[in-house]
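>>> got a sequence here, can you build the structure:
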Amino acid sequence: MEDFSDFVGLSRTTVSKYFNDPNSVRKNTRSAIEAALKKSDFRPSMFAVNLNRRRSNILGVIIPNSTDPFYMALTRLIELIANEAGFLAFVLSSDGRAEMEDQAIQTFRSMNIAGAIIAPLGVQSHHRILAELGASIPLIYVDSPLDQTSSFVGTDNRQSFRLIVDYLCRSGEPPCYFAMPLVNNNASARQEAYVEAMHQFKMTPRIVPVADARSWDFEKFGYDEATRILKAGGFPTKTVLCANDRVAFGVLGAAFQLGLKVGHGADCDLRVAGHDDHPLSRYACPPITTVAQNYNEIGRLAIELLLERLDEKSSAKRGEARILLNAELMLRSSA
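Just a heads-up that it's a prediction; the model follows:
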């Protein structure tokens, strides 16, 4: 910056003022700087500029799986709204590993980020490191809450499971529950929500015993475990409620390979339902009955809550907020 200031023949303060806001300097000054930029090809380092600020314009986003359509939709909207508000959102993936989550946090600390949105691993997360980050900057959790007190935006699992359990009990044999791998707090929260809903409708919960896994490859987990269960005598009921749609994809694949018909009818061997409304759920064979999370609303509320916390005039940054959104029942031919 000093070299460029000498090159253009202006003070560093004036040049810095231009880079912060080109319209803040006089037209002649702006023209001189822009002409010098073309000659020198100088570009200020965004990271150096942000490190030198009291508060940067960089926001950090950490997700556990960059290929999952839920997180892709979530981060797309976060990036869009952040950009409109004058912030740059950087997305890093923890790849389902606690050490990668820690590394992402350290990377964002070195970038002097203003705030962060994190979909935590939960059971695997190092809570102390996340707590230290939350003490230094505004931090919003999405998808799976880290605990019961931190700011969080996500789906109300109790409402969503009450909704689908009610439908499955009214429309056929009550459902057994096929869990997801224990990768975050949603795994336990959804199972608890299923049990609570079954009790509420005066039904006996039936949890399908599955392997103790930590893999994010939900489809393979569902396929392998469903194949094992079906070959060993089958599920405890003819209605299988999966913890998420990606597990349900695996169950559908296993049923197909074993010659079983999935659907809602007297000639069907199984009913299979899921949770989330994965973008491909409607194109599965058969299309999956599920409950839809509002991906866009989760992303919108999370970034708006973070921006509100960053607003120095707002009092919201001093409190915690928990926003739980209702899910919508999507009736399709798998159940």
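>>> and whichever helix or strand Lys39 is part of, C-alpha only, in PDB?
Secondary structure from DSSP states H and E places Lys39 in helix 27-40. What follows is helix 27-40, C-alpha atoms only, in PDB (Å, rounded to 0.1, in the frame of the first residue of the first chain):
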ATOM      1  CA  LYS A  27     -13.300  12.900  -8.600                       C
ATOM      2  CA  ASN A  28      -9.800  14.000  -9.700                       C
ATOM      3  CA  THR A  29      -8.200  11.900  -6.900                       C
ATOM      4  CA  ARG A  30     -10.300   8.900  -7.800                       C
ATOM      5  CA  SER A  31      -9.300   9.200 -11.500                       C
ATOM      6  CA  ALA A  32      -5.600   9.500 -10.600                       C
ATOM      7  CA  ILE A  33      -5.800   6.400  -8.400                       C
ATOM      8  CA  GLU A  34      -7.700   4.400 -11.000                       C
ATOM      9  CA  ALA A  35      -5.200   5.300 -13.700                       C
ATOM     10  CA  ALA A  36      -2.400   4.200 -11.500                       C
ATOM     11  CA  LEU A  37      -4.100   1.000 -10.800                       C
ATOM     12  CA  LYS A  38      -4.200   0.200 -14.500                       C
ATOM     13  CA  LYS A  39      -0.500   0.900 -14.900                       C
ATOM     14  CA  SER A  40       0.700  -0.900 -11.800                       C
END
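>>> neighbouring contacts of it?
Applying C-beta atoms under 8 Å, 6 or more residues apart in numbering, the external contacts of helix 27-40 come out as 4, 7-10, 14-15, 18, 22-23, 25, 42-43. In short, each C-beta sits where N, CA and C put it, glycine included.
>>> could you do stretch 218-229 as well?
Against stretch 218-229 from outside (C-beta under 8 Å, 6+ apart): 178, 180-181, 208, 210-211, 213, 215, 235, 242, 244, 246-251, 253-255, 257-258.
>>> average model confidence for the helix holding Lys39?
For helix 27-40, mean pLDDT rounds to 88.
>>> chain center to that helix, what's the gap?
The chain centre lies 43 Å from the centre of helix 27-40; the measure is C-alpha atoms, centre = their mean, to the nearest Å.
>>> give the buried residues for that helix.
Thr29, Ala32, Ile33, Ala36, Leu37 (16 or more other C-beta atoms under 10 Å).
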